[in-house]
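Novice: model the following, please.
(chains A and B)
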2 protein chains.
Amino acid sequence: MRSVGTKMSIQKDHDTGASFISRDSLHTKEKMAEETHLTELPGKRLREEAAKENGGVSVQMEESNGVAAPAECISTIIPGWFSEISPMWPGEAHSLKVEKILFQGTSDYQNVIVFQSSTYGKVLVLDGVIQLTERDECAYQEMITHLPLCSIPNPKKVLVIGGGDGGVLREVSRHSSVEKIDICEIDKMVVDVSKQFFPKVAVGYDDPRVTLHIGDGVAFLKAVPEGTYDAVIVDSSDPIGPAQELFEKPFFRSVAKALRPGGVVCTQAESIWLHMHIIEDIVTNCRQIFKGSVNYAWTSVPTYPSGVIGFMLCSTEGSAVDFKHPINPIDAEYSHVNTKGPLRFYNSEIHSAAFCLPSFAKRVIDSKTN
Amino acid sequence: MRSVGTKMSIQKDHDTGASFISRDSLHTKEKMAEETHLTELPGKRLREEAAKENGGVSVQMEESNGVAAPAECISTIIPGWFSEISPMWPGEAHSLKVEKILFQGTSDYQNVIVFQSSTYGKVLVLDGVIQLTERDECAYQEMITHLPLCSIPNPKKVLVIGGGDGGVLREVSRHSSVEKIDICEIDKMVVDVSKQFFPKVAVGYDDPRVTLHIGDGVAFLKAVPEGTYDAVIVDSSDPIGPAQELFEKPFFRSVAKALRPGGVVCTQAESIWLHMHIIEDIVTNCRQIFKGSVNYAWTSVPTYPSGVIGFMLCSTEGSAVDFKHPINPIDAEYSHVNTKGPLRFYNSEIHSAAFCLPSFAKRVIDSKTN
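Specialist: The predicted structure follows:
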């Protein structure tokens, strides 16, 4: 999962006339409106407009678990398919075939959908954006967790910001040195839905070392006593909308303060194929705040836009951290944690490989980190 | 590009009623027909059926360069978008927004489309499958070429099978040690279309060391005198249909025979996320034929299914080849080849990183190579 609450909006494609729901933000709404004739419509009108404009094409919805799944809650581009369309990745869309809608609800923060896909298992969607599928969630969860935790000796106290599905918790809890795991997730519905539909992900909550805090991650971090954590993992949404703060200097300062000297942070940091300009800014900010190491890593996640996702890995002043050469391997340890199953993606080799960047990205990122 | 000629067929989705064109093969046709109610319809009937069954939805086509671009030549899922749907990756589709169809034709081997996309530049499509986009072609072309050529000292004679767009030639020609580059592409239309619409890719043909052979790669290889080449690069399509031979033992035997002792081959080898069973077979076959090294590498290509593509890298008996540690770096060399622009993706670090596999793939592949 890579999202906390974001604002939902309804968007119209000016060429095709297709209407769909996408994630957007107050910050970028005006700009997007100019480009794409963004309009907000109430649900009912959307359904009618979509039906009219798409020549009667609409998603076949089913009721399940007593929850109605009306047509406006899923992109209506391909009948029977979910299409992920967003101004964050204009001009492209990834679609998954829907077998059955299992859950649909609206929390205080976002629209939440769970569906059974044909070939990717169950899928969690927040505000129209795929957060995880059973088939490939291992790549994201294992990498965002073990890249930081395998880079320091004996991590004891770990904080997760976001990550309400519990997948990062599952991975953190593989580390036997860890004594305390705090998680601060803004949206309780995400936690509940994950426990109901993704037991192999939410299994992370079963660990007695875990304490769940429902609330705003930024506020939580501000209240943390200085030097509390060995590692902070920020499993955040994209930096437009409510999560924007999580990519800016004040937030990074709070993280640095919450970490012990030589502590580490790992934060979701977008795709080098789609968002190099955002990554440039994040790297520049991190370089100013974190006086230890500042590194960018990336990995393959087929159901994320462009098929990859990146991570910023930084350490505070203190014992030097060489992220590229993990000193706390977990490879052999997985046999001891039967309830979580073996590691499916992460190993020490792929840890080091994640820091090797294509030339076009390396040139930009190196110029900001050196 | 990753395709040579394959047989086109028309497919119907039994749930959605949508019709689309996809690549298929005689070998798998019966099986697919059972699963998806595969039917073959003449073009006109398809157009009518598609219009009727999709409630009037169809791709808006334009005429360009005097070439008509009828609706049956592109997937008709999203009006104004190209959707890549295939039985090779059921239940998912990647779509690109179409600005303009630039070319559409049918060769003796396949259906050929070039369109201008909104955000990925010009796109080459063969039988409904994206072969290259201007935005991300660098990743595939540079990796399939430099992974083998940077692993051996002073490559002099190189053979390319497939790769009619010229992108692999462009990359091979960066190597100053190379004296002779043969290419055998089955479909002249691909060559001509690339020269017309993708000059920065087809620039590879300008090199005087290149000799183009239009014909069947399997037959060409059989006629090659033993020990001719230092390297063979197989830029092939998926192993259903005409390209199936390129993944089987007799073909690999021809390649091994055509290579000098200690020579290397690099062949397109599918996605670890989608086709592990195919990869298992390829690895097993290669292990039996190639008595030097046998390795699997992978890289990110956003517009290929699952966002990644893999390569088999093998060497014949002779001087040992350690693919994971390139001994013939090209990183600094690109400044001398101005007409081709700098390397955008490949460097020595990402070369080595490409051989580091996720645990789920490593377990399977290691069990076949050791």
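
Novice: hey, let's count contacts and neighbours off CA atoms from now on
Specialist: Fine.

Novice: which ones are touching residue A:302?
Specialist: Taking C-alpha atoms under 8 Å, 6 or more residues apart in numbering or on different chains, we find residue A:302 in contact with A:136, A:308, B:273, B:306, B:307, B:308.

Novice: look up how far residue B:366 lies from the residue nearest to the fourth one when sequence neighbours are not counted.
Specialist: With C-alpha to C-alpha, 6 or more residues apart in numbering or on different chains as the criterion, residue B:306 has its nearest non-adjacent residue at 4.5 Å, and that residue is residue A:302. In this view, residue A:302 and residue B:366 are 23 Å apart by C-alpha to C-alpha, to the nearest Å.

Novice: what's the pLDDT at the residue nearest to residue B:306?
Specialist: Confidence at residue A:302, expressed as pLDDT, is 97.

Novice: that one - that's part of a helix, no?
Specialist: No: applying DSSP: H, G, I helix; E, B strand; the rest coil, one finds residue A:302 to be coil, outside a helix.

Novice: I'd say residue A:313 and residue A:148 touch.
Specialist: Yes: contact criterion C-alpha atoms under 8 Å: residue A:313 and residue A:148 qualify, at 6.9 Å.

Novice: neighbour count winner among these two?
Specialist: For residue A:313 and residue A:148, the more surrounded residue by other C-alpha atoms under 10 Å in any protein chain shown is residue A:148, and the numbers stand at 29 against 26.

Novice: quick one: contacts for the more buried one?
Specialist: For residue A:148, counting by C-alpha under 8 Å, 6+ apart, the contacting residues are A:231, A:264, A:265, A:266, A:313, A:323.

Novice: try 7 Å
Specialist: Listed by C-alpha atoms under 7 Å, 6 or more residues apart in numbering or on different chains, the contact set of residue A:148 reads A:264, A:265, A:266, A:313.

Novice: the strands in the stretch 151-300 of chain A, which residues?
Specialist: A:157-162, A:180-185, A:210-214, A:229-235, A:259-268, A:294-300 (DSSP state E, counting those that start in this stretch).

Novice: for the first one, buried residues please.
Specialist: This means strand A:157-162. For strand A:157-162, the neighbour count (16 or more other C-alpha atoms under 10 Å in any protein chain shown) marks A:157, A:158, A:159, A:160, A:161, A:162 as buried.

Novice: returning to that earlier point: tell me which of the strands of the stretch 151-300 of chain A sits nearest to chain B.
Specialist: Closest of the strands of the stretch 151-300 of chain A to chain B is strand A:294-300, at 7.3 Å (criterion: C-alpha to the nearest C-alpha).

Novice: could you list every helix and strand in contact with that closest one?
Specialist: Contact analysis of strand A:294-300 by 3 or more C-alpha pairs under 7 Å, 6 or more residues apart in numbering or on different chains; DSSP states H and E lists strand A:308-315 as its packing neighbours.

Novice: what helices and strands are in contact with the strand it packs on?
Specialist: strand A:259-268, strand A:294-300.

Novice: recalculate using a threshold of 10 Å.
Specialist: Judged by 3 or more C-alpha pairs under 10 Å, 6 or more residues apart in numbering or on different chains; DSSP states H and E, strand A:308-315 is in contact with helix A:137-149, strand A:229-235, strand A:259-268, helix A:276-289, strand A:294-300.

Novice: pLDDT of whichever helix or strand comes after that strand, averaged?
Specialist: Downstream of strand A:308-315, the first helix or strand assigned by DSSP states H and E is helix A:348-353. Average pLDDT, helix A:348-353: 98.

Novice: kindly report the same for stretch A:262-270.
Specialist: Rounded mean pLDDT across stretch A:262-270 is 97.

Novice: how far is it from where the chain is centred?
Specialist: 13 Å (C-alpha atoms, centre = their mean, to the nearest Å).

Novice: what residues does the stretch 201-350 of chain A have near chain B?
Specialist: Proximity of the stretch 201-350 of chain A to chain B, by C-alpha under 10 Å from any C-alpha of the partner chain, involves residues A:273-274, A:299-308, A:331, A:342-350.

Novice: rerun that using 8 Å as the cut-off
Specialist: Residues of the stretch 201-350 of chain A found near chain B, taking C-alpha under 8 Å from any C-alpha of the partner chain as the criterion, are A:273, A:300-303, A:306-308, A:343-347, A:349-350.

Novice: what about chain A, any weak spots by pLDDT?
Specialist: A:1-79, A:239-242, A:331-339, A:369-370 (pLDDT under 70).

Novice: and the longest strand along chain A with strand B:92-106, angle?
Specialist: For chain A, the strand reaching the highest residue count under DSSP state E is reported as strand A:92-106. Counting by axes from the mean of the first three to the mean of the last three C-alpha atoms, to 10 degrees, strand A:92-106 lies at 150 degrees to strand B:92-106.
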